[in-house]
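# missing the sequence, but the structure's below:
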């Protein structure tokens, strides 16, 4: 590692929208200087000087904590997390190799460093001096003067005054003033150190509501660094990472949120943090309990009500799910999670109520969203052809109006309808295209799910080589990006069915029903029918037929000559969609049609 650290110091490293300068230890993201703690800069510099090389964990400890310090694994995890957070979308190049180390897969270019002129900065002179004082011995710590004329400074002051004035007009300092009712964000709950924090929070939530989560994350990550008191950027980003299937990133953000919330006397934030941590653990009953505690304090927090409805449905409790979903009022299109409550109402059994709600919404305000919801309601009604047609219209509309979230969901849903309708070639083409979008938008759960779909469909068509390639890619995504427990379980079950000799390294799996199905599948592979049947019956006792594992359980029952339960509606059509492929195999065995 000495060769890396002793490289020429006065250099500038570029990759994507990031510039790293060794002179003055400065980092610019999207042309704006970011304040960077010493160890985060050290790690980033190490990555820039060793791109596409595996850096072992021991070498990282030696480089970042010299002098024989005793350091926990959590300290390294936090350092990696902070680098990813700093880099924003470019953080996707930082790959964690489980049990080995890390690798930086960016295309890094190196230049001789020259002083930058006229770039924006969110680092004060005091901050820069403090960081310079803490610079490690292997880098020169000398800073350099900022080169700004009087006119840019006056312009900056004028713009800041205008922004502050407009923010004051928009966010009057009244207790209970809503910033976002879905999360229950009010002025008194923000605990901000900056006057523009409420505005920035609102902007981030609006970007996410419109389907532009990468931009929303960029706003929150910047705000988290700028406002050192408010916990909301870390809390929201952690929740979003849980939703997209990145538990490692989520853990880092939730740790940051807890550190800030601990110093605040705010029961609402404490309840919301407990809810987020329950989501991270994947504990359905705790999620319902803590979401209920949040709603006791803020009944209008519809995002938490929607979460409760989904968890009730997941647990097979349809009536409580319907009660919760009916309490959510939708008066307009444009907020993607709120829109989904209309379709979820149909999925939970109230198709007519959902249809009435949709008809009352103005279609012309967002045709892509309206058509997508129409497809979901048609799906719940059992009309797959109408659903596919509506989703195809939604996809076309979303391409023209910039609703990337609708474009992605409509494409995946149309592919799913095509697959269950027997149009495998169209389904695979749609899944391939959607996977590209999922990679670009960092939808980790969707990437794994789509890859498992393609692996199984290649196997269904008899192409074992392509099936194996896709499955290996799915397993590799866990090492690179994390993946949640549900997708981990799904990957293990698919692997046991397609490639029983393949070791994935993803076990053990936590769900008792899933483990019993895995034991049954492996016993079947050994032709130990008695053990396989006993394990299948145990999976049934654990409720496998009432969960997303139902199709895997039904297929195994047929292969074990056991009674096959009726097919359950796959509704709502959410990930893991790959769990539905066994019904195609079962249809081939029995000659049934979908």
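Sure, I can see it. Computed from a predicted structure; not experimentally measured.
# does the closest residue to residue 519 other than its chain neighbours sit in a helix, a strand or a coil?
Leaving aside its sequence neighbours, residue 519 sits nearest to residue 535 (CB to CB, 6 or more residues apart in numbering; 4.0 Å). Every residue, glycine included, has its C-beta placed from N, CA and C. Reduced to three states with DSSP: H, G, I helix; E, B strand; the rest coil, the structure at residue 535 is helix.
# for residue 535, what are its contacts?
By CB atoms under 8 Å, 6 or more residues apart in numbering, the residues touching residue 535 are 516, 517, 519, 520, 523.
# and these, which of them are in helices?
516, 517, 519, 520, 523 (DSSP state H).
# on that earlier part again, for the contacts of residue 535, which one is nearest residue 80?
Using CB to CB, residue 517 is the member of the contacts of residue 535 that lies nearest residue 80, at 34.5 Å.
# which one is that closest one nearest to, not counting chain neighbours?
That would be residue 539: by CB to CB, 6+ apart, it lies 4.7 Å from residue 517.
# what residue lies at the spatial centre of this protein?
In the chain, the centroid-proximal residue (CA atoms, centre = their mean) is residue 244; its distance is 2.0 Å.
# Residue 445 is in contact with that one, correct?
Yes: using CB atoms under 8 Å, residue 244 is in contact with residue 445, at 6.0 Å.
# what is the mean pLDDT for whichever strand or helix holds residue 20?
According to DSSP states H and E, residue 20 maps onto strand 18-21. The average pLDDT within strand 18-21 is 94.
# which SS state does residue 60 fall under?
helix.
# and it, how many neighbours?
With neighbours defined by other CB atoms under 10 Å, the count for residue 60 comes to 20.
# Next, work out how far apart it and residue 247 are.
Per CB to CB, to the nearest Å, residue 60 is found 21 Å from residue 247.
# What of residue 376?
28 Å.
# between the two, which one's more packed in?
residue 376 (29 against 22).
# could you say what helices and strands the helix or strand that one falls within packs with?
Here residue 376, judged by DSSP H and E, is contained in helix 367-381. Helix 367-381 sits against helix 336-347, helix 351-360, helix 384-401, helix 404-420, with contacts defined as 3 or more CB pairs under 8 Å, 6 or more residues apart in numbering; DSSP states H and E.
# closest to residue 102 out of these?
helix 404-420 (28.7 Å).
# circling back to that earlier point, make sure the residue nearest to residue 517 is actually in contact with residue 523.
No: the pair residue 539 / residue 523 is not scored as a contact, 11.8 Å apart, by CB under 8 Å.
# Looking at these two, which one has more neighbours?
Ranked by neighbour count (other CB under 10 Å), residue 539 and residue 523 place residue 539 first, with 25 against 19.
# Next one: the more buried one from residue 311, what distance?
Distance from residue 539 to residue 311, by CB to CB: 22 Å.
# same check, this time on residue 431
Residue 431 sits at a distance of 28 Å from residue 311 (criterion: CB to CB).
# Checking my notes, residue 107 in a strand, right?
No: counting by three-state DSSP, residue 107 falls outside a strand, being coil.
# chain center to stretch 17-33, what's the gap?
27 Å (CA atoms, centre = their mean, to the nearest Å).
# Between the two ends of it, how far is it?
Using CA to CA, to the nearest Å, one end of stretch 17-33 lies 12 Å from the other.
# And for stretch 490-510?
12 Å.
# go on, stretch 206-217?
11 Å.
# contacts for that stretch?
Stretch 206-217 has contacts (CB under 8 Å, 6+ apart) with 88-89, 204-205, 219, 237, 240, 244, 334-338, 403-406, 441-442.
# can you check stretch 391-399 too?
Taking CB under 8 Å, 6+ apart as the rule, stretch 391-399 contacts 367-369, 371-372, 374-375, 403-404, 406-407, 410-411, 413-414, 417.
# how far away is residue 242 from residue 60?
Distance from residue 242 to residue 60, by CB to CB: 26 Å.
# Now do the residue nearest to residue 517 against residue 519, distance only.
Applying CB to CB to residue 539 and residue 519 gives a distance of 8 Å.
# now residue 76
Relative to residue 519, and taking CB to CB, residue 76 is found at 36 Å.
# and if you look at residue 369?
For residue 369, the distance to residue 519 - CB to CB - is 44 Å.
# Settle it for me: which of the two has more neighbours?
Comparing residue 369 with residue 519 by neighbour count (other CB under 10 Å), the higher total belongs to residue 369, at 28 against 18.
# hey, where'd the helices end up in the stretch 201-350 of the chain?
Counting by DSSP state H, counting those that start in this stretch, the stretch 201-350 of the chain has these helices, from start to end: 213-226, 232-244, 247-261, 267-281, 284-297, 302-314, 318-326, 336-347.
# could I get these as a markdown table with distance to residue 543?
Below are the helices of the stretch 201-350 of the chain laid out as a markdown table (distance: least, CB to CB, whole Å):
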| stretch | distance to residue 543 |
| --- | --- |
| helix 213-226 | 33 |
| helix 232-244 | 24 |
| helix 247-261 | 24 |
| helix 267-281 | 20 |
| helix 284-297 | 12 |
| helix 302-314 | 11 |
| helix 318-326 | 15 |
| helix 336-347 | 20 |
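# Quick one: closest of those helices to residue 501.
Of all the helices of the stretch 201-350 of the chain, helix 247-261 sits nearest to residue 501, with 28.3 Å by CB to CB.
# Report the distance from the closest one to the chain centre.
14 Å.
# which outside residues touch that helix?
Residues contacting helix 247-261 (CB under 8 Å, 6+ apart): 77-78, 81-82, 84-85, 96, 191, 224, 229-231, 234-235, 237-239, 241-242, 269-270, 273, 276-277, 280, 482-484.
# at 6 Å instead, please
By CB atoms under 6 Å, 6 or more residues apart in numbering, the residues outside helix 247-261 that reach it are 81, 231, 234-235, 237-238, 241-242, 269, 273, 276, 280, 482, 484.
# List the buried residues for that helix?
By 16 or more other CB atoms under 10 Å, the buried positions in helix 247-261 come out as 247, 249, 250, 251, 252, 253, 254, 256, 257, 258, 260, 261.
# Pick the one among the residues you listed closest to residue 586.
residue 247 (32.1 Å).
# and that closest one, how far is that from residue 77?
12 Å.
# roughly how far apart are residue 429 and residue 454?
10 Å.
# Equivalent analysis for residue 370, please.
Where residue 454 is concerned, residue 370 sits at a distance of 30 Å (CB to CB).
# ok so, going back, output the helices and strands packed on helix 367-381 in JSON lines; the columns should cover mean pLDDT, distance to residue 31 and mean neighbour count.
Below are those laid out as JSON lines (pLDDT from 0 to 100; distance: least, CB to CB, whole Å; neighbours: other CB atoms under 10 Å):
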{"stretch": "helix 336-347", "mean pLDDT": "94", "distance to residue 31": "29", "mean neighbour count": "23"}
{"stretch": "helix 351-360", "mean pLDDT": "96", "distance to residue 31": "43", "mean neighbour count": "16"}
{"stretch": "helix 384-401", "mean pLDDT": "94", "distance to residue 31": "28", "mean neighbour count": "20"}
{"stretch": "helix 404-420", "mean pLDDT": "95", "distance to residue 31": "24", "mean neighbour count": "25"}
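# Serialize those helices to TSV and add fields for distance to residue 38.
Formatted as TSV, those follow (distance: least, CB to CB, whole Å):
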stretch	distance to residue 38
helix 336-347	39
helix 351-360	54
helix 384-401	44
helix 404-420	37
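# Out of these, flag the one nearest residue 465.
helix 404-420 (21.0 Å).
# tell me how far the next helix or strand after that closest one is from the chain's mean position?
Downstream of helix 404-420, the first helix or strand assigned by DSSP H and E is helix 424-440. Centroid separation between helix 424-440 and its chain, computed with CA atoms, centre = their mean, is 18 Å.
# any residues touching helix 424-440, and which ones?
So helix 424-440 is in contact with 408, 411-412, 414-415, 418-419, 446-447, 450, 453-454, 457, going by CB under 6 Å, 6+ apart.
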